[in-house]
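Peer 1: The amino acid sequence is not available; the structure is as follows:
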């Protein structure tokens, strides 16, 4: 059972010195929520990215970059009002075609991209976006060749060709909205699993002027964060001390594990919505978030960068 409390603002509470603690998990172990789960085995291709759960031994020229499709030719055309985004970070690939997010290990060797086993979220979207999801998954699994010319990435499998340019990132995008936690990704040597967060849980993040405020579905917290082009470096975060168990406690534990030290993030978009994925420093746990202006609207008081988030 989860115990809740409503406060006027996270930093108002935290700044008052009430129930402060360094960010640490409380509650039972496990992953978040009771939503649907999808999983895939890691790629069978040889290479350091597949052999280490952290994937931070990467070395690909694509690593650390995010791209948005500007042109698709062949059997597919980009669905109206959608965006196809690919992000390469720490040996992991995150892909979004406007509906679901796919993620998993990749290798880019000898001009060939190998990513045959990507786990995916399981949202239902309109037919055009669902079809685009299916097409992109098949295209990436086909082992396309790639060329990188400056910041333009071209992928082709002999049938379809995708041309991509640099994707938006950075503080301006992160601070433009609130972010609701929607799924948890877990990567091991045996599997790559994405678990949907119970939609009844309230878990979100807000960023402003070098600070982050969050609700991990159990406690409210906040503190300093350095935002890079593809990294988030969290300082000492403070949180209230309410004990939670069940799905709420599990999600709190997962968020605590991710929001530590230097993490990587990627922003994708599609169907008029932006998606944020944050991977833990060791690359084994990730949070999937969806842009949502309604979460944490009062996280930061007017004229202040100090989190004062509400519980909503």
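Peer 2: That came through, no problem. Every value quoted in this text rests on a predicted model; they were computed, and no experiment measured them.
Peer 1: what about residue 293, how many residues close to it?
Peer 2: If you count neighbours by other Cβ atoms under 10 Å, residue 293 ends up with 10. C-betas here are computed from N, CA, C, even on glycine.
Peer 1: residue contacts, it?
Peer 2: Contacts of residue 293 were listed using Cβ atoms under 8 Å, 6 or more residues apart in numbering, and they are 177, 178.
Peer 1: So which residue is dead centre in this structure?
Peer 2: In the chain, the residue lying closest to the centroid (Cα atoms, centre = their mean) is residue 277, at 1.0 Å.
Peer 1: Tell me which helix or strand comes right after the helix or strand containing that one.
Peer 2: Assigned by DSSP states H and E, residue 277 belongs to strand 273-279. Going down the chain from strand 273-279, the next helix or strand is strand 285-291, by DSSP H and E.
Peer 1: okay, the angle between that next one and strand 273-279?
Peer 2: 160 degrees (axes from the mean of the first three to the mean of the last three Cα atoms, to 10 degrees).
Peer 1: Pairing partners for strand 285-291, with directions?
Peer 2: If you go by DSSP bridges, strand 285-291 pairs up with strand 179-187 (antiparallel), strand 273-279 (antiparallel).
Peer 1: burial count for the closest residue to residue 201 other than its chain neighbours?
Peer 2: Of all residues not flanking residue 201 in the chain, residue 217 sits nearest, at 4.2 Å (Cβ to Cβ, 6 or more residues apart in numbering). The local packing of residue 217 (other Cβ under 10 Å) involves 28 other residues.
Peer 1: buried stuff in the longest helix along the chain?
Peer 2: The longest helix of the chain (DSSP state H) is helix 127-141. Buried residues in helix 127-141, counted by 16 or more other Cβ atoms under 10 Å: 128, 129, 130, 132, 133, 135, 136, 137, 139, 140, 141.
Peer 1: next one: stretch 102-112
Peer 2: Within stretch 102-112, the residues that count as buried by 16+ other Cβ under 10 Å are 102, 103, 104, 105, 106, 107, 108.
Peer 1: quick one: the second one and residue 92, what's the gap?
Peer 2: In this structure, residue 103 lies at 6 Å from residue 92, with Cβ to Cβ, to the nearest Å as the measure.
Peer 1: any chance you could map the helices in the stretch 101-250 of the chain?
Peer 2: Using DSSP state H, counting those that start in this stretch, the helices of the stretch 101-250 of the chain run over residues 127-141, 171-174, 246-258.
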